[in-house]
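# give me a 3D structure for the following:
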Amino acid sequence: MATLTAAAARAPLPAVLWPLLFGNFVIGTGVMAVPGTLDEISRELAVPVATAGQLISAGALLMCVGAPLLAAVAAGWDRRRLLSFSMLWYALMHLACAFAPGFAALLALRVVALVPPAIFTPQAAASLGLLVPLAQRGRAITFIFLGWSLASVIGMPMSALVGGTLGWRSAMVMVAGLSLLSAVWVWRALPSGVKPPALSLAAWQQTLRSGALMVAVAVTVLSAAGQFVLFSYMAPYLRQQLGLAPGALSLWFLCFGAFGLAGNVLMTRHIDRLGAARSVMIGLALMAASLLLFPLGASLALAMAVAIPWALGCFSTNSAQQARLVAMAPALASASVALNSSAIYAGQAIGAATGGWMIARGGMAWLHWAGLAGLLAAMAASALASRFAADAR
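Numbers count the residues shown, from 1 in each chain. Down below sits the predicted model:
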C-alpha cells in the first residue's frame, strides 16, 4: 500500500489542473491590474490617487465578505459550470470597466467585477479532492496556486506596461480577453458532476472559537494590511519618488514578481525542516526589513534591490500560513483556510484605505513606515499564536 501511495504521489498531475492554474493566473492578473495602472486611472478620470485607491479597498472588501458567503450559496453547484461562468462574468465586467464613463461608474463596475475572485480560487481548490488522488492533493493545491505567483511575475508587469503605454482601458480589455479564454478552457477541460461537500456550521463555529486559529488568521490580516498600505500605491509612489517611466515601472514589478515566485519555491522546499510557524516569522521579518530600508531605494536599481526581501516573503508567507493553520487543527482545515483567504482581502482593504487616507493628507513619503508598523504587529501576533497553539496541546 505504501509503495502504491508513493508511486501515485510521483505520478504526473492530471491535465485538468492546467486550466485551474491558468484561471488563477487570470484572476490574479485582474486583481493586480488596478495597482499597476492606478496613475493612469487617476490622471484620465481626474481624481486624486487616494480616491482612485478606493478601487482596491472596495474590491478587496467585496472579496473578503464574498468568499465565505458565496461558498455557502454555491455549495451544491456543479463546479464546471460555476468556475467557467465565473470567468465569463470576469470577462464581461472587465470589458464593461474598460468603457466606464467616469470614476463612480468604474468603482461600481469594479466591485461587481471582483465577484469571480471570491469564487474561483477557493472553489477550484475545493474541487481538487474530486479531481486527483489523495496522494497528489498537496502537490495539486501548490500547482494551481502557482497561477497567482505567475500573475505577479507576468500579469502585473504586463498590466503596468499596457496601461502605461496604451492606457488603463487597454489593460482591462486584455484581462477580459484572458478571462474569456479561461472560461472556454475550464468548460472544455473539467468533467461534469464535480460537487465538493459544503463546510458544516459546526466546523465554522469550532474554528471561530479557537484562540490559536483566530490569532493566526489575525497575522494574515495585519501582514496584508502592512503590505498594501504601500503596495496599493506603488506605481504613483515610485513615479513621485523616482520619476519612473512605464517601462521602468513594469521592470520593477517584474523583478518583484520573479523574487516572489522564487520565495514560494524556497518555502516549499524548506518549510518541513523549519516548521510552519518559524517559516511565517522568517517571511514577516524579511518583509519588515524591506520596509525599514525602503527610503534607501533612491534609483531604480536600488529600489529593486531593497524590495527583494519583501518579494521573497510576500507569497511564501501566505503559503506557510496555510500550512500552519492546517497543522494547528487538521479537522478544521477547510474552514480555517477559507477564513485565511478572507483575511488576505480584509488586510488589503484596510491597507489600501489607510494608504489613501495618508496620501490625502500629504503622507505619500511615509507609507512604508505605516507598512512597517503593520508587519511588526503581525510578527507579535504570530508569536502569540504560537504560544496559544503550544498551550492547546
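# C-alpha from now on. contacts and neighbour counts both.
OK.
# could you list the low-confidence segments of the stretch 201-350 of the chain?
333-334 (pLDDT under 70).
# just the helices in it please.
Counting by DSSP state H, counting those that start in this stretch, one finds helices in the stretch 201-350 of the chain at the ranges 201-209, 211-231, 234-242, 246-274, 276-293, 300-328, 333-360.
# buried ones in the first one?
This points to helix 201-209. Within helix 201-209, the residues scored as buried using 16 or more other Cα atoms under 10 Å are W204, T207.
# hang on, L367 packs against G356?
No: between L367 and G356 no contact is recorded; they are 9.6 Å apart, counting by Cα atoms under 8 Å.
# run the chain-centre distance for stretch 52-66.
Distance of stretch 52-66 from the chain centroid (Cα atoms, centre = their mean, to the nearest Å) equals 12 Å.
# what's the closest of the helices of the stretch 201-350 of the chain to A385?
Smallest distance to A385 across the helices of the stretch 201-350 of the chain (Cα to Cα): 5.1 Å, for helix 211-231.
# returning to that earlier point: so what's in contact with L367 and G356 at the same time?
Overlap of the contact sets of L367 and G356 (by Cα atoms under 8 Å, 6 or more residues apart in numbering) consists of V229.
# that older thread, redo the helices of the stretch 201-350 of the chain as CSV? Include distance to W89.
Shown next, in CSV, are the helices of the stretch 201-350 of the chain (distance: least, Cα to Cα, whole Å):
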stretch, distance to W89
helix 201-209, 29
helix 211-231, 26
helix 234-242, 28
helix 246-274, 27
helix 276-293, 35
helix 300-328, 27
helix 333-360, 20
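# right, and the ones you listed - which one's nearest R169?
helix 246-274 (15.2 Å).
# mind giving me the packing neighbours of that closest one?
helix 137-150, helix 156-166, helix 234-242, helix 300-328 (3 or more Cα pairs under 8 Å, 6 or more residues apart in numbering; DSSP states H and E).
# just name the most buried of these.
helix 156-166 (a mean of 24; mean count of other Cα atoms under 10 Å).
# contacts for that one?
Contacts for helix 156-166 (Cα under 8 Å, 6+ apart): 29, 32-33, 36-37, 40, 168-171, 246-247, 249-254.
# what's the domain layout of this protein?
According to automatic domain parsing, the chain is divided into the following domains: 17-198, 200-393.
# still on that earlier bit, can you redo the helices and strands packed on helix 246-274 as JSON lines with distance to P122?
Formatted as JSON lines, the helices and strands packed on helix 246-274 follow (distance: least, Cα to Cα, whole Å):
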{"stretch": "helix 137-150", "distance to P122": "10"}
{"stretch": "helix 156-166", "distance to P122": "21"}
{"stretch": "helix 234-242", "distance to P122": "27"}
{"stretch": "helix 300-328", "distance to P122": "13"}
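# got phi/psi on L376?
phi -60, psi -40 (degrees, to the nearest 10).
# could you pull up phi and psi at the residue lying closest to A189 once chain neighbours are set aside?
Spatial nearest neighbour of A189, chain neighbours left out: V16 (5.8 Å); criterion: Cα to Cα, 6 or more residues apart in numbering. Its backbone dihedrals place V16 at phi -60, psi -20, with angles given as degrees, to the nearest 10.
# who's in contact with V16?
L131, A189, L190.
# coming back round to it: among the helices and strands packed on helix 246-274, which is nearest A262?
helix 300-328 (6.7 Å).
# Three-state assignment for T37, please.
At T37, secondary structure determined by DSSP: H, G, I helix; E, B strand; the rest coil is helix.
# just the CA trace of stretch 253-265, in CSV.
What follows is stretch 253-265, C-alpha atoms only, in CSV (Å, rounded to 0.1, in the frame of the first residue of the first chain):
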residue,chain,number,x,y,z
PHE,A,253,7.0,44.8,-10.9
LEU,A,254,8.7,42.1,-12.9
CYS,A,255,11.6,41.9,-10.5
PHE,A,256,9.2,41.8,-7.5
GLY,A,257,7.2,39.0,-9.1
ALA,A,258,10.2,37.0,-10.0
PHE,A,259,11.6,37.0,-6.5
GLY,A,260,8.1,36.4,-5.1
LEU,A,261,7.9,33.2,-7.2
ALA,A,262,11.5,32.2,-6.0
GLY,A,263,10.4,32.8,-2.4
ASN,A,264,7.5,30.5,-2.8
VAL,A,265,9.7,27.8,-4.3
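# for the stretch 1-150 of the chain, which segments count as helices?
So, for the stretch 1-150 of the chain - with DSSP H, counting those that start in this stretch - the helices run 2-10, 17-44, 49-52, 54-73, 79-98, 103-113, 115-127, 137-150.
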